[in-house]
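> Sequence and predicted structure below; questions after.
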Amino acid sequence: MTHEEQVIAVVKKVMPAVVSITVGKDYDELLKEHPQEMMVPHGDHMDLPPPEEALPHTHTGKVKVGGGSGFIVDASGLIITNKHVVHDHEAEYDITTTSEDTYKARVLARDSLNDVAVLKIEAGDLAVVALGDSDEIQLGQSVLTVGTALGEFQNTVSAGIVSGLSRFITAMTDMEGHSERLRGLIQTDAAINPGNSGGPMVNLKGEAIGINSAVVFGAQNIGFAIPINKVTRDLAELKKYGRIRRPFLGIRYLPVNPLVAKRFRLAVDHGVLVLREGIPGRPAIVPNSAAARAGLKEADVIVALNNTLIDDKTTIEDVLEKVSFGEKIPVKIWRKGKELELIMPVEEHLDNHKRKDE
């Protein structure tokens with residue numbers, strides 16, 4: 001079989017299990033939450049938000065506010081996508097298959113450490129994408145990315161190679177400008193466009209080895225995917241516990257590098273600076289969290305966690321993925337020019353909408 005024949009065979013195998021995701025919200029809710037974003041630039045001023053009838057709608061009558069891609073991994077209707085595609089707890093999510101069937105989806109779980117979410121539709125006997133092993137990925141191997149490019153062109157396929165491994169990037173995750181540091185990513189030169197997010201990156205066996213996640217704007221042929229083994233672990237957690245369990249420290253922070261160290265006059269040039277966001281109601285230390293009970297304070301610099309140095313290659317999230325719930329781990333910090341060591345319990349993360357204190 002030629003390379004071209006192999007690619008065509010993989011596309012035919014995978015495409016029936018790739019879906020489009022549409023995000024919908026009530027018009028009045030949008031006006032309340034994002035009044036500025038709803039206004040339209042017009043010369044040197046802003047026009048009032050357009051009337052509801054002038055906006056695109058989902059098939060259920062909601063205003064369409066976004067979308068992405070996903071892929072079915074279980075014939076009973078389990079779908080994998082990016083967490084940032086379904087980050088809004090108040091939105092409605094619709095799934096459309098390649099056969100144009102549409103279903104309402106429930107978000108079963110969002111992975112708090114990785115850009116992964118699991119959805120469920122009420123359907124059966126669905127086509128699925130088999131999960132591969134992302135630990136076996138080789139530089140230079142051929143890959144395909146599938147999804148709804150630009151949120152409009154359904155069933156878009158791109159071909160390329162794996163051009164990098166274990167990449168770290170910072171990506172915007174919602175309309176409020178929050179960002180998330182994604183790590184351990186697969187880099188590819190296969191085209192990944194807005195709307196492709198959540199679709200599968202597959203090998204020439206037709207196995208998903210990654211989830212299309214991010215693209216670098218202004219660059220050519222640089223896209224990133226989340227390794228599929230993170231999904232395999234999430235699905236196992238969901239099956240065993242009914243949720244994805246992830247550790248939660250309860251801090252907001254800024255990664256420290258030499259420039260940050262100089263700006264804030266810090267004693268160290270690595271680690272993370274515990275710092276609140278410039279948004280009301282988002283303190284540096286979440287009340288009643290593990291960090292609060294351990295005695296962490298705003299302006300502390302965490303330089304090591306569980307006896308592991310925190311720097312630009314090893315993040316807090318990397319350390320947390322290797323600890324057990326209930327474990328008490330050492331936290332080495334710098335506070336007002338002095339090095340201290342605190343002990344912090346490892347606790348489970350709860351989604352923000354379940355946390356009354358965040």
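Yep, that arrived.

> so where's the longest helix in this protein?
helix 228-241 (DSSP state H).

> Show me what it is packed against.
Applying 3 or more CB pairs under 8 Å, 6 or more residues apart in numbering; DSSP states H and E, we find helix 228-241 packed against strand 102-110, strand 117-120, strand 208-215. For glycine as for every other residue, the C-beta is placed from the backbone atoms N, C-alpha and C.

> What residues sit buried inside the first one?
What it means is strand 102-110. Thr102, Tyr103, Ala105, Val107, Ala109, Arg110 (16 or more other CB atoms under 10 Å).

> Just give the closest residue to His59, not the sequence neighbours.
Closest residue to His59 apart from its sequence neighbours, by CB to CB, 6 or more residues apart in numbering: Thr102 at 5.7 Å.

> Return the set of residues that bridge with the one you found.
As for beta bridges, Thr102 partners with Thr96 under DSSP bridges.

> residues touching it, list them.
His59, Asp94, Ile95, Thr96 (CB atoms under 8 Å, 6 or more residues apart in numbering).

> Same question for Asp26.
Contacts for Asp26 (CB under 8 Å, 6+ apart) come out as Lys62, Val63.

> do the same with Gly164
Leu139, Ile186, Gln187.

> out of these, who's nearest Ile209?
Ile186 (7.4 Å; CB to CB).

> I'd say that closest one and Ser134 touch.
Yes. Using CB atoms under 8 Å, Ile186 and Ser134 qualify as a contacting pair, with a distance of 7.1 Å.

> List the residues that are in contact with both of the two.
Residues touching both Ile186 and Ser134 (CB under 8 Å, 6+ apart): Ile209, Gly210, Pro227.

> who wins for neighbours among these?
Gly210 (27 neighbours; other CB atoms under 10 Å).

> what's across from that residue in the sheet?
For Gly210, the beta-bridge partners are Met201, Pro227 (DSSP bridges).

> From Val118, how far out is Gly242?
For Gly242, the distance to Val118 equals 11 Å [CB to CB, to the nearest Å].

> ignore the last one, Ala299
Distance from Ala299 to Val118, by CB to CB: 37 Å.

> try Asp94
Counting by CB to CB, the gap from Asp94 to Val118 is 16 Å.

> Same check on Gly206?
21 Å.

> Settle it for me: which of the two has more neighbours?
Val118 (26 against 19).

> tell me the contacts of that one?
The neighbours of Val118, taking CB under 8 Å, 6+ apart as the test, are Leu78, Ile79, Ile80, Val107, Leu108, Ala109, Asp234, Leu235, Leu238, Ile244.

> can you rerun that using 10 Å?
Going by CB atoms under 10 Å, 6 or more residues apart in numbering, Val118 touches 70, 73-74, 78-81, 83, 86, 106-111, 231, 234-235, 237-238, 243-244.

> repeat for Ile121
19, 70, 72, 76-79, 93-95, 97, 101-106.

> Could you tell me how many residues sit around Ala190?
22.

> and the closest residue to it other than its chain neighbours, what are its bridge partners?
Using CB to CB, 6+ apart and skipping residues adjacent in sequence, the residue nearest Ala190 is Gly160, 3.0 Å away. Assessed by DSSP bridges, Gly160 has beta-bridge partners Val143.

> ok, back up a step: and the helices and strands packed on helix 228-241 as CSV, adding mean pLDDT?
As requested, these are exported to CSV (pLDDT from 0 to 100):
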stretch, mean pLDDT
strand 102-110, 91
strand 117-120, 94
strand 208-215, 84
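
> Quick one: closest of the ones you listed to Thr156.
Once the helices and strands packed on helix 228-241 are compared by CB to CB, strand 208-215 is nearest, at 10.6 Å.

> what's the angle between the closest one and helix 228-241?
110 degrees (axes from the mean of the first three to the mean of the last three CA atoms, to 10 degrees).

> What is the distance between stretch 333-344 and the centre of its chain?
For stretch 333-344, the distance from its own C-alpha centre to the chain's C-alpha centre is 31 Å (CA atoms, centre = their mean, to the nearest Å).

> From what I see, Lys64 and Ser20 are in contact.
No. If you go by CB atoms under 10 Å, Lys64 and Ser20 don't touch, sitting 11.5 Å apart.

> Which one of these two is surrounded by more residues?
Higher neighbour count among Lys64 and Ser20: Ser20, with 24 against 16, using other CB under 10 Å.

> Show me what that one is bridged to.
Under the criterion used (DSSP bridges), Ser20 bridges to Ser69, Thr96.

> Contacts only, for it.
With CB under 10 Å, 6+ apart, Ser20 has these contacts: 67-70, 94-98, 100, 102, 147-148, 151-152, 154-155, 195, 198-199.

> How about Leu309?
If you count contacts by CB under 10 Å, 6+ apart, Leu309 has them with His270, Gly271, Val303, Val319, Lys332.

> Need the three-state assignment for the third one.
Spelled out, it's Val303. Classification of Val303 by DSSP: H, G, I helix; E, B strand; the rest coil places it in strand.

> The residue nearest the centre of the chain in helix, strand or coil?
By CA atoms, centre = their mean, the chain has its centre lying nearest to Asp115, at 1.9 Å. Per three-state DSSP, the local secondary structure of Asp115 is coil.

> Kindly point out which residues are neighbours of both of Gly242 and Val118.
Leu108, Ala109.

> before we move on, back to that, so which of the buried residues of strand 102-110 is the closest to Leu126?
Out of these, the member with the shortest distance to Leu126 (by CB to CB) is Tyr103, at 10.0 Å.

> right, and that closest one touches Gly70 too?
No. Here Tyr103 does not reach Gly70: they are 11.5 Å apart, not a contact under CB under 10 Å.
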